[in-house]
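Undergrad: got a predicted model here, sequence first, then my questions.
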Amino acid sequence: MKIVVIGGTGLIGSKTVERLRKKGHDVLPASPNSGVNTVTGEGLNKALAGAEVVIDLANSPSFEEKAAMDFFEAAGRNLFAAEKLAGVRHHVALSVVGTDRMQSMGYFRAKLRQEDHIRNSGVPYTIVHATQFFEFVGAIAQSATEGTNVRVPTGAFQPIAADNVADAMADVAVSEPMNGMIEIAGPERGPMNEFVARYLKANNDPRTIIADPHARYFEVEIDQHTLVPDTDARLGGIRFDDWLKSPAVQR
C-alpha cells in the first residue's frame with residue numbers, strides 16, 4: 001500500500017514512516033525539503049499519485065491565529081484537491097485532545113477549522129486527538145518560567161510518548177476510515193505541575209515549581225477536563241518516568 005506522510009520528516013512523522021515501512025508499506029515522507037508543499041500545492045499531485053492513504057502531520061509554524069488559520073486553510077484546500085484527484089481512500093490527521101475546549105486561543109480556533117475542513121472534504125477520514133507529548137513538557141516549563149520560578153497550572157494532564165503516538169498513527173493508517181475521531185493519551189493522569197516538576201528533577205534543573213490553579217497553559221486556563229481525554233481513549237504503554245530515564249530521550 002502506498003502511504004504519503006505529510007510532515008514525514010518531523011518527530012512523529014519520522015517515527016510513523018519507520019513503523020509503516022517495517023510493515024512492508026510503500027511510504028513517502030513528504031515535506032517542503034523534499035519538494036512537497038501543502039501551502040503552495042507544489043509537488044502534491046506527483047507525490048499523491050497512486051496513494052491510498054495520506055497521513056497529515058504538518059503543523060503551522062506559528063501559534064499566532066492568522067498565521068495558523070492561513071496555514072490550515074491553504075494546506076487543506078490544496079491537500080484535499082490532490083487527494084480527490086489521486087483517489088485517496090483514507091485521510092488520517094493528528095490533532096489535539098481538548099481542541100474544542102481551548103477556543104480562547106487563536107491556534108486552537110485554527111485547529112478546529114482544520115478539523116471542520118476534514119469532515120467536510122468528502123474524503124473518508126480519521127482524526128486522531130492526542131494529548132501533549134512527553135517531548136513537549138520542557139517547552140511547557142520554558143513558557144511558564146518567571147526568573148527562577150516556573151508557574152504551572154494544576155489542571156489534569158495525561159501526556160503521551162511520541163513513540164506511542166507514532167504507533168497509533170501507523171495502526172490507524174492501515175485500518176478502515178472511521179469518519180470520526182479517536183483519542184490517545186499516556187497511561188498516567190495527574191496535575192500538570194507534578195509532571196513538570198518530575199521533568200525538572202530528572203534534568204537536575206534548579207528552577208522552582210509554583211503550582212497555580214489560575215496559571216495559563218500558554219493562553220488557556222485549564223481545569224480537570226480541558227487537556228485530558230474521555231474514558232474510552234487508547235492509552236500508550238510508555239510511562240513518563242521510564243521515558244525520563246531513557247538515553248534516547250529528546251529534550
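TA: Thanks, I have it.
Undergrad: how about R21, nearest residue that isn't a chain neighbour?
TA: Distance criterion CB to CB, 6 or more residues apart in numbering; nearest residue to R21, sequence neighbours excluded, is V27 at 5.2 Å. All C-beta spots, glycine's among them, are computed from the backbone N, C-alpha and C.
Undergrad: check contacts around I140.
TA: Q132, V152, M192, V196, Y217 (CB atoms under 8 Å, 6 or more residues apart in numbering).
Undergrad: in the chain, which spans are strands?
TA: Along the chain, counting by DSSP state E, strands occupy 2-6, 26-30, 53-56, 90-96, 125-130, 145-146, 149-152, 156-157, 180-185, 190-191, 208-211, 216-217, 220-221, 234-235.
Undergrad: would you confirm that R189 contacts A156?
TA: Yes. Using CB atoms under 8 Å, R189 makes contact with A156 at a distance of 5.9 Å.
Undergrad: what is in contact with the two at once?
TA: Both R189 and A156 are contacted by V228, under the criterion CB under 8 Å, 6+ apart.
Undergrad: mean neighbour count, the strands of the chain: which tops it?
TA: Among these, the stretch with the highest mean neighbour count (mean count of other CB atoms under 10 Å) is strand 53-56, at a mean of 28.
Undergrad: for that one, give the mean pLDDT please.
TA: The pLDDT scores in strand 53-56 average 98.
Undergrad: what lies in contact with it?
TA: Under CB under 8 Å, 6+ apart, the answer for strand 53-56 is 1-8, 13, 16, 38, 48, 75, 79, 83, 88-94, 169, 173-174.
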